[in-house]
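S.K.: Need a 3D model of the sequence below.
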Amino acid sequence: MTQRIRAFISIIISAVMLGLVITYCIEWWMPTEVLDWIIWGAMVAVGITAIYRIVNLDKMLSDKESE
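M.R.: Numbering: from 1, shown residues only. The predicted structure is shown next:
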């Protein structure tokens, strides 16, 4: 039971993080400085990581429910 709760909380945190990353990337689309491009690329990497984490946690929850 506690594993499911932890997974749900992790999914919620990852979804919030993904929303913040999407908002940042849309707001600062096409940066002009090199450092801004590096930060924008890092945010994209964080967003991809959040998506990957949500998918893995969902797979874990579906495996636990099928058992």
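
S.K.: How many residues are close by the nearest residue to residue 28 once chain neighbours are set aside?
M.R.: In space, and not counting its chain neighbours, residue 28 is closest to residue 40: 6.2 Å by CB to CB, 6 or more residues apart in numbering. The way it works is simple: take the backbone N, C-alpha and C, and place the C-beta from them, glycine included. If you count neighbours by other CB atoms under 10 Å, residue 40 ends up with 16.

S.K.: Just the buried residues of the helix or strand where residue 40 lies, please?
M.R.: Using DSSP states H and E, residue 40 sits within helix 34-66. Residues 40, 43, 46, 47, 50, 53, 54, 57 are the ones in helix 34-66 that count as buried (16 or more other CB atoms under 10 Å).

S.K.: which one is residue 58 nearest to, not counting chain neighbours?
M.R.: Nearest non-adjacent residue to residue 58, counting by CB to CB, 6+ apart: residue 11, 7.1 Å away.

S.K.: At the geometric centre of this protein, which residue sits there?
M.R.: Centroid-nearest residue in the chain: residue 50, 1.9 Å away (criterion: CA atoms, centre = their mean).

S.K.: Would you enumerate the residues in contact with it?
M.R.: Contacts for residue 50 (CB atoms under 8 Å, 6 or more residues apart in numbering) come out as 14, 15, 17, 18, 21.

S.K.: how many other residues sit next to the closest residue to it other than its chain neighbours?
M.R.: Nearest residue to residue 50 in three dimensions, chain neighbours excluded: residue 18, at 4.1 Å (CB to CB, 6+ apart). Residue 18 has 18 neighbouring residues, counting by other CB under 10 Å.

S.K.: Residue 14 now?
M.R.: As a burial measure, residue 14 scores 20 neighbours (other CB under 10 Å).

S.K.: likewise residue 21?
M.R.: With other CB under 10 Å as criterion, residue 21 counts 20.

S.K.: Please name the nearest non-neighbouring residue to it.
M.R.: residue 47 (3.9 Å).
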